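# Need the 3D shape of this:
(chains A and B)
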Amino acid sequence: MVVNGREQLACSTLIKSVGTDLRIEPLRNLPVVRDLAVDLKPFFAAYQRSLPQFNPRDDLNADEFYRIPHNSTEWKALDHQPQCIDCGSCYSACTLVTLNPRYLGPMALHRALNLVVDPRDKARTERLNLVAGEAGAFRCHTLGNCRDVCPKGISPTQSIERLKRLAAFEWFRNLFSRKSQS
Amino acid sequence: MPADLTTDILILGTGGAGLMAALHAFWRDPSLDIILVSKGMLGKSGCTRMVQGGYNVVLDPKDSIQAHFEDTVRGGAFLNDQELAWTLVEDAPRIVKELENRIGCLFDRAPDGRIHQKAFAGQTFDRTVHVGDLTGIEIMSRLRDQIFAAGIRCLENTRGLELLTSADGKTVVGAVLLDIETGEFVSVSSKAVILATGAGPLMYQRAACAQEKAMDGIAMAYRAGAHLMDMEMVQFHPTGLVVPGSRLNGALLEEGLRGAGAHLFNGLGERYMERYDPERKERSTRDRVSRAGYLEIRAGRGTQNGGVWIDVSHLGAKFVQENFEGMRERCLSIGFDLAREKVEVAPTAHFNMGGIRINQDGFTNLDGLFAAGEDASGVHGANRLGGNGVAESTVYGARVGDAVAQWVKSTAHGELRGRQIADTEAEANQLLNLPEGESPWALRDELGKIMWDCVGIARDGVKLKQALEELGSLSERAAKMKASGPRAFNLTWQQTLDMRNMLIASEVIAQSALLREDSRGAHFREDFPDTDNAKWLKNIYLVRNGAGVRTWTEPVKLSRLNP
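Take a look at the predicted model:
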């Protein structure tokens, strides 16, 4: 919910941290079902547009666990931020979601990054194309509202920055490989 | 009688069991029509998501299926269906690899890059696979993502209200659902119905489960005539937070703490587990640790708030911060630093070992009715090991999905009875907008107290009979519960329906507990404190008999291991 203008998890926010003068509103950017209950379906619908599911690489050995030593580049490339709980606070706080309802939004993009850097996943290019598209990472203006309100301490802004870099790098890579082919 | 919806497989519940069932059925046969029903939002409700600790599975060559099996059966005080327990431990390695390599869970790695398995109480080998101390969120998120990708239809914020049966009562032909958002009923005709609602002993004063759980699956199965087994076996988790007046009251501090070496102290500063299990102390099984805590508190040696202390500070602040981050944060939000000081906890109702009787593929005694996960019984016997729960839901969800996908090929839709649908709707409507009646919330508190005092951790014949009487009169009062307001998103109305289910479950639990005259696993009778393998190595069954209940016992088949 939005408590005194700021997204909070109502179930675990202590009154003493927000004061006794309270204004409680439903989450923003989402249709209100009744009173303070909102419909989270648009939030998950945006997520569904980001190719959210794991696609195993064809050469992934189904009988083992892909080895990722802690000192490897692959391990370091993983996003080691806390786990997202899909609360919707970031989606509610994001100005760009308000301005453009088709924007994938902070949660979808943060999760997309996690899959893009997952060494076991094969849909990296496809996913990067998606997040580099119309409704993707480049809609983010680095305002940081999402990071400010995430109850888990995740910075979707950080994840989105990484996506922008990865998408740009991918674009250049394709450009040069095309040039070298001609 | 035309139904609002027609499908091949109707799955009530969207936790680990429900989602694995849906995926497996879909993977077997993408042409099948499958409907998932979630009481909350897909991927955000239920208890699988709340799993902290992890998933027990044999992966190390130094470990063995036999060892995991024996841990499970000894932990279950030999009440387990040994074939169900064997199936659990045998399938787990394949299923956990599927969760990792097909579904996409990224389980924690040890520094050398291999899968990490941690220690968990009650086991002879460190075999618990995990993601930090928040394993459930990882499993549920990835399962949810795969459900999205598969395009399986999910009715969210919808509850199963009643199972629909054939005229002779032997076949389940569908269900009536209630859309919580709109307050409208939905009748569904289905070849198969899978119950995976996760039971949930929320009728106890101190309970640690997802708030939407209310024994729905078990109550619906009971009303339809399914056989229930081992209902007296309710697991109390030894370490639920004590935070009077807060929503966090009862929130669990997971098993891993005790696995890692936590100490428990009573109000006098004594490490009391030395008296109750001198060999394993705090790493004993949940039933023993819960009972110990409860008895200490009852004897007046608890803390001021009626709890005990758990202390991991001696393991080092850095260790705790790194390995139990989620838990530490939760404790910090109530003013305690788990890394540096002791935290107040108490036993809390947590899980139902008992439930609907199934075979290895989730078949029940009713044609067309299947069950998996906490709604089902037999896998854990009289006490569940931490880490075996999420293993059960995913293993049996997968099995039921596979089996049902096959089974429906040679099944036709049954006929829905208009009368049964009308009666179900009328009963539910009756609880909405009665001119006068009692608040379901107040009745819920009363139920919580009766169950905690009389059908809780330490039972006796006198209190159990008293409980049955009090539950009887509570049921009469509950027939006239008052929920006012509109149909749409009316949580008080939903609470009356929850109360109805919790009351039925409470009565069968009390009945079973009264029948079992020995102490075994989670069931402790002060008037019969010994485990009597000569007379009581039996399962207690229940089935609805008109307005009453019929009970019987069957000896446990010791097919693989003797006590």
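# Now find how far off-centre the helix ranked longest in chain B is within its chain.
If you go by DSSP state H, chain B has its longest helix at helix B:491-515. Centroid separation for helix B:491-515 versus its chain: 14 Å, with C-alpha atoms, centre = their mean, to the nearest Å.
# do that helix and chain A meet at all?
No - judged by C-beta under 8 Å from any C-beta of the partner chain, helix B:491-515 and chain A are separated, with a smallest distance of 9.3 Å. Every residue, glycine included, has its C-beta placed from N, CA and C.
# What of stretch B:34-42?
Yes - Stretch B:34-42 lies within reach of chain A by C-beta under 8 Å from any C-beta, at B:41-42.
# Checking the most centrally placed residue in chain A next. Helix, strand or coil?
Geometric centre of chain A, nearest residue: A:His110, 2.3 Å, by C-alpha atoms, centre = their mean. When classified by DSSP: H, G, I helix; E, B strand; the rest coil, A:His110 comes out as helix.
# and it, what pLDDT?
At A:His110, the model reports a pLDDT of 97.
# right, and it touches A:Ile160 too?
Yes - counting by C-beta atoms under 8 Å, A:Ile160 is a contact partner of A:His110 at 7.2 Å.
# With adjacent residues omitted, what lies nearest to the residue of chain A found nearest chain B?
Closest contact between chain A and chain B, by C-beta to the nearest C-beta, is at A:Phe54 (2.4 Å). Among residues not flanking A:Phe54 along the chain, B:Gly104 sits closest, at 2.4 Å (C-beta to C-beta, 6 or more residues apart in numbering or on different chains).
# try B:Thr303
Spatial nearest neighbour of B:Thr303, chain neighbours left out: B:Gly267 (4.7 Å); criterion: C-beta to C-beta, 6+ apart.
# Next one: B:Arg544 from B:Arg271, what distance?
Between B:Arg544 and B:Arg271 the computed distance is 47 Å (C-beta to C-beta, to the nearest Å).
# Between these two, which is the more surrounded one?
B:Arg544 (19 against 14; other C-beta atoms under 10 Å in any protein chain shown).
# Show the pLDDT at residue 181.
Since you didn't name a chain, this refers to chain A. 59.
# could you do chain B instead?
pLDDT, B:Glu181: 92.
# which ones are touching it?
Taking C-beta atoms under 8 Å, 6 or more residues apart in numbering or on different chains as the criterion, B:Glu181 is in contact with A:33, B:157-158, B:488-489.
# In terms of helices and strands, where is it?
Following DSSP states H and E, there is no helix or strand that holds B:Glu181.
# related to what we said a few turns ago, for the longest helix of chain B, which positions count as buried?
For helix B:491-515, burial by neighbour count (16 or more other C-beta atoms under 10 Å in any protein chain shown) applies to B:492-515.
# Kindly report the same for stretch A:164-176.
Neighbour counts over stretch A:164-176 (16+ other C-beta under 10 Å) mark A:164, A:166-167, A:170 as buried.
# Chain B next: which of the residues you listed are close?
When contact is defined as C-beta under 8 Å from any C-beta, the buried residues of stretch A:164-176 do not meet chain B at all.
# Which of the residues you listed fall within strands?
Assignment to strands by DSSP state E places none of those there.
# So among these, where is pLDDT lowest?
A:Glu170 (86).
# Pretty sure that residue sits against A:Thr125.
Yes - using C-beta under 8 Å, A:Glu170 makes contact with A:Thr125 at a distance of 7.0 Å.
# could you pull out the strands for chain A?
Taking DSSP E to define them, one finds strands in chain A at A:2-3, A:6-7, A:24-25, A:32-34, A:37-38.
# what separates the third one from the chain centre, distance-wise?
Computed by C-alpha atoms, centre = their mean, the separation of strand A:24-25 from the middle of its chain amounts to 25 Å.
# Touching it from outside, list them.
So strand A:24-25 is contacted by A:1-3, A:10, A:36 (C-beta under 8 Å, 6+ apart).
# The fourth one now?
Counting by C-beta under 8 Å, 6+ apart, the neighbours of strand A:32-34 from elsewhere in the structure are A:26, A:38-39, B:181, B:488-489.
# Can you tell me which of these has the most neighbours?
Counting neighbours by other C-beta under 10 Å, the top entry in the contacts of strand A:32-34 is A:Val38, with 20 neighbours.
# near chain A, which residues of chain B?
Going by C-beta under 8 Å from any C-beta, the residues of chain B near chain A are B:41-44, B:97-98, B:100-104, B:106-107, B:109, B:111-115, B:131-132, B:134, B:137-138, B:141-142, B:145-146, B:148-149, B:156, B:181, B:247-248, B:325, B:330, B:333, B:488-489.
# Please repeat the previous calculation with a cut-off of 7 Å.
B:41, B:44, B:97, B:100-104, B:106-107, B:109, B:111-115, B:134, B:137-138, B:142, B:145-146, B:148-149, B:181, B:247-248, B:333, B:488-489 (C-beta under 7 Å from any C-beta of the partner chain).
# Show me how to select, in ChimeraX, the buried members of those residues.
In ChimeraX syntax, the buried subset of those is picked out as below (16+ other C-beta under 10 Å):
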select /B:41,44,97,100,101,102,103,104,106,107,109,113,114,115,134,137,138,142,145,146,148,248,333,489
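# Tell me which of the residues of chain B next to chain A fall in helices.
Residues of those located in helices (DSSP H): B:97, B:100-101, B:137-138, B:142, B:145-146, B:148-149, B:333.
# Now residue 71. Nearest residue, chain neighbours left out?
Here I'm looking at chain A. Nearest to A:Asn71 is B:Pro111, by C-beta to C-beta, 6+ apart, at 7.8 Å.
# try again with chain B
Per C-beta to C-beta, 6+ apart, closest to B:Asp71 is B:Gln123, 4.9 Å.
# Contacts only, for that neighbour.
B:56, B:71, B:385 (C-beta atoms under 7 Å, 6 or more residues apart in numbering or on different chains).
# Just the closest residue of the stretch 451-563 of chain B to chain A, please.
Using C-beta to the nearest C-beta, the single residue of the stretch 451-563 of chain B nearest to chain A is B:Phe489, 4.6 Å away.
# show me what contacts whichever residue of chain B sits closest to chain A?
Relative to chain A, the nearest point of chain B is B:Gly104 (2.4 Å; C-beta to the nearest C-beta). B:Gly104 makes contact with A:53-54, B:142, B:145, according to C-beta under 7 Å, 6+ apart.
# rerun at 10 Å
A:52-56, A:114-115, A:118, A:120-121, B:138, B:141-143, B:145-146 (C-beta atoms under 10 Å, 6 or more residues apart in numbering or on different chains).
# which of these count as buried?
The buried subset of the contacts of B:Gly104 (16+ other C-beta under 10 Å) comprises A:52-56, A:114-115, A:118, A:120-121, B:138, B:141-143, B:145-146.
# What sits closest to B:Leu42 if chain neighbours are left out?
Distance criterion C-beta to C-beta, 6+ apart; nearest residue to B:Leu42, sequence neighbours excluded, is B:Cys154 at 4.8 Å.
# which residues does the one you found form a beta bridge with?
When bridges are called by DSSP bridges, B:Cys154 pairs up with B:Leu36.
# Flag the shaky bits of the stretch 1-150 of chain B, pLDDT-wise.
B:1 (pLDDT under 70).
# where exactly do the strands run in it?
Using DSSP state E, counting those that start in this stretch, the strands found in the stretch 1-150 of chain B span residues B:5-12, B:34-37, B:55-56, B:117-118, B:128-129.
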